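Student: Generate coordinates for the sequence data below:
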Amino acid sequence: MSHHNDTGKAGELLAAQYLQQQGFTILHSNWRYSHYEIDIIAHRNELLHFIEVKTRRSNTYGNPEESISRKKLECLLKGGAAYQEQYPQWKKVQYDALSITCLPGKPVEYLFIEDVYL
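Tutor: Below is the predicted model:
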């Protein structure tokens, strides 16, 4: 497996732990429908969250959240709509991004950006 895939998988595990510490209940990780994938689907206080996770091991190419493209957000929105068709009981939803930076010799940094939009 390539290095960036290892980083992504490690980041998603860190993300799940972080979100649980923040009071979220994780419903799905890497939920797929057609060609859409949502990294984490979780809920807290009757609000469903569709969360895109980005992880980096250096700042060479900028912060992780800077790599979330308009196309990726559009896919997140479409994937979220597909999820809601399958699980219509969720009336309140939100789209979020969780940026994780793992620099060698430093504590892991989290930036949770709630309610992202285009």
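
Student: What ranges does the protein have for its helices?
Tutor: 3-21, 70-86 (DSSP state H).

Student: mind putting these in CSV, mean neighbour count, mean pLDDT and distance to Asn63 included?
Tutor: Using the backbone N, CA and C atoms, a C-beta is placed for each residue, glycine as well. Output for the helices of the chain, formatted as CSV (neighbours: other CB atoms under 10 Å; pLDDT from 0 to 100; distance: least, CB to CB, whole Å):
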stretch, mean neighbour count, mean pLDDT, distance to Asn63
helix 3-21, 15, 82, 13
helix 70-86, 15, 95, 15
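
Student: Looking at this protein, name the residue that lies furthest from the middle.
Tutor: With distances taken from the mean C-alpha point of the chain and given as CA atoms, centre = their mean, the most distant residue is Gly105, at 24.4 Å.

Student: how near is that residue to Arg57?
Tutor: 12 Å (CB to CB, to the nearest Å).

Student: Could you count how many residues lie near the closest residue in space to Ala82 that isn't next to it in sequence?
Tutor: Counting by CB to CB, 6 or more residues apart in numbering, Ala82 lies nearest to Tyr33, which is 4.4 Å off, once chain neighbours are set aside. Residues contacting Tyr33 under the criterion other CB atoms under 10 Å number 15.

Student: just Ser69 next, same as before
Tutor: By the measure other CB under 10 Å, the count of residues near Ser69 is 9.

Student: how far away is it from Ala15?
Tutor: For Ser69, the distance to Ala15 (CB to CB) stands at 19 Å.

Student: do Phe50 as well
Tutor: 13 Å.

Student: contacting residues around Tyr117?
Tutor: 73, 95 (CB atoms under 8 Å, 6 or more residues apart in numbering).

Student: Likewise for Gly79?
Tutor: Neighbour list for Gly79: 31, 33, 36-38, 50 [criterion: CB under 8 Å, 6+ apart].
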